[in-house]
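sequence and predicted structure, then a few things I'm wondering about:
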Amino acid sequence: MTIIKRFKELIFKNYLEKRLYMLGSSHFIKSRAYYKNIENLSDTEFKIYSQNGEDGILDYLIFSLGIKRPKFIEIGIGDYSESNSRFIFERTSPKGMVVDSIPDLENKIKKRIKIWKGDLKIVNKEINSNNVLDTIKKDKMMVDLDLFSIDIDGIDYWVLDKLPKFFSKIVVLEYNPTFGFELEVSVPNIPNFNRSLYHYSNLCFGMSFKAALNLMDKKGFYFVGSNFLKNNAFFISKKYKKKKYFKNLRIDKSKSNVDSNFRESRDLNNKLNYLSGNKKIKEIINCKVVNLGNKKKKIAKIRDLLSN
């Protein structure tokens, strides 16, 4: 009975996967006719295999830049059930690299996709600022890279800071809207950073929106928008001029980019307590972060930075 049940579950899963793929392909074929008129990046959101609507945003950016088979690197993918590169791999059979530290990564990915369909490098390791360059330079992955995506819930800023200018055409990165609009901060560059261990609330991680904007500007990229959830930012290499490739797209760098309503905070017993609004920043008021707006990049409590 157990074998029959598992077989049925597998059949149903494969059916859903095919339906998702077909739905996504059909949606994008129809949507591309309207891409040139897009004014707000979030209007292109559409979820297939991404966590939220990143699949749609990336199709818009990739199509607008005229990229046919995107070469990608994605750091922080979990078991590949939800990721920013999966649909791209499934659809275009490109060269790519995926990186994560979860146990048995390769076998988990093989259960999700047919890896023979493209040249996919699977790297099972913890990425930090010391090993990122050696890791992603293998097999000439950094040469003419189309898409770079990172979501490691921690020292993302310090990893990105190690990369050279113009390292990709498109970049997707996660920022922490809880830090607000004014602070230019990141958690310290701690090896093996663990979001839940650093602060019980799970709210003190990553970099602020302002930190993301300034870092990527330094690396040679311009901001094109964020997602509806207000936790992922999208950037384009300055080699690809906005006036040419995104003529009608309106760029909004306002406070709206941190106006996030998702609630994933936890209490001291590790139970979800669904904090919202200003209660989130108050929960981490004593959390230590690096003040990137200071030349010395000193570590300070959020409380002290907000009082200045």
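Right, received. Where do you want to start? Numbering: from 1, shown residues only.

now the strands for the protein?
For the chain, applying DSSP state E gives strands covering 72-75, 95-100, 119-124, 147-150, 170-174, 185-186, 221-226, 232-237, 288-291, 299-301.

each with direction, which strands does the second one pair with?
Looking at strand 95-100 with DSSP bridges, its paired strands and their directions are strand 72-75 (parallel), strand 119-124 (parallel).

again with the fourth one
Here strand 147-150 has these sheet partners by DSSP bridges: strand 72-75 (parallel), strand 170-174 (parallel).

and those: which comes nearest Asn131?
Minimum separation from Asn131 across the strands paired with strand 147-150 (C-beta to C-beta) falls at strand 72-75, 11.1 Å. Every C-beta, even on glycine, is put in place using the N, C-alpha and C of the backbone.

for that closest one, C-alpha coordinates in PDB please.
Written as PDB, here are the backbone C-alpha positions of strand 72-75 (Å, rounded to 0.1, in the frame of the first residue of the first chain):
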ATOM      1  CA  PHE A  72      23.600  32.000 -14.300                       C
ATOM      2  CA  ILE A  73      25.000  31.600 -10.800                       C
ATOM      3  CA  GLU A  74      22.600  31.300  -7.900                       C
ATOM      4  CA  ILE A  75      23.800  31.100  -4.300                       C
END
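
pLDDT on it, on average?
Throughout strand 72-75, pLDDT has a mean value of 98.

repeat that for stretch 130-149.
Averaging pLDDT along stretch 130-149 yields 95.

flag every buried residue along it.
By neighbour count on 16 or more other C-beta atoms under 10 Å, the buried set for stretch 130-149 is 132, 135-136, 141-142, 145-149.

report the distance from it to the chain centre.
The chain centroid and the centroid of stretch 130-149 are separated by 16 Å under C-alpha atoms, centre = their mean, to the nearest Å.

what is the end-to-end distance of that stretch?
Using C-alpha to C-alpha, to the nearest Å, the end-to-end distance of stretch 130-149 comes to 18 Å.

Ile127 - how many residues pack around it?
Using other C-beta atoms under 10 Å, Ile127 has 21 neighbouring residues.

likewise Gln51?
Burial of Gln51 is recorded as 18 neighbouring residues (other C-beta under 10 Å).

still on that earlier bit, now, which of the buried residues of stretch 130-149 sits nearest Glu54?
Distances from Glu54 to the buried residues of stretch 130-149, taken by C-beta to C-beta, are shortest for Ser149, at 8.1 Å.

in contact with that closest one, which residues are there?
72-76, 83-85, 171-173 (C-beta atoms under 8 Å, 6 or more residues apart in numbering).

dump the strands paired with strand 95-100 into a markdown table; add mean neighbour count as well.
As requested, those are exported to a markdown table (neighbours: other C-beta atoms under 10 Å):
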| stretch | mean neighbour count |
| --- | --- |
| strand 72-75 | 24 |
| strand 119-124 | 17 |
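
export the ones you listed to a markdown table and append columns for distance to Asn269.
A markdown table is the format used below for the strands paired with strand 95-100 (distance: least, C-beta to C-beta, whole Å):
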| stretch | distance to Asn269 |
| --- | --- |
| strand 72-75 | 31 |
| strand 119-124 | 32 |
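
surely Val171 touches Tyr222?
No. Val171 lies out of contact with Tyr222 (C-beta atoms under 8 Å); the separation is 10.4 Å.
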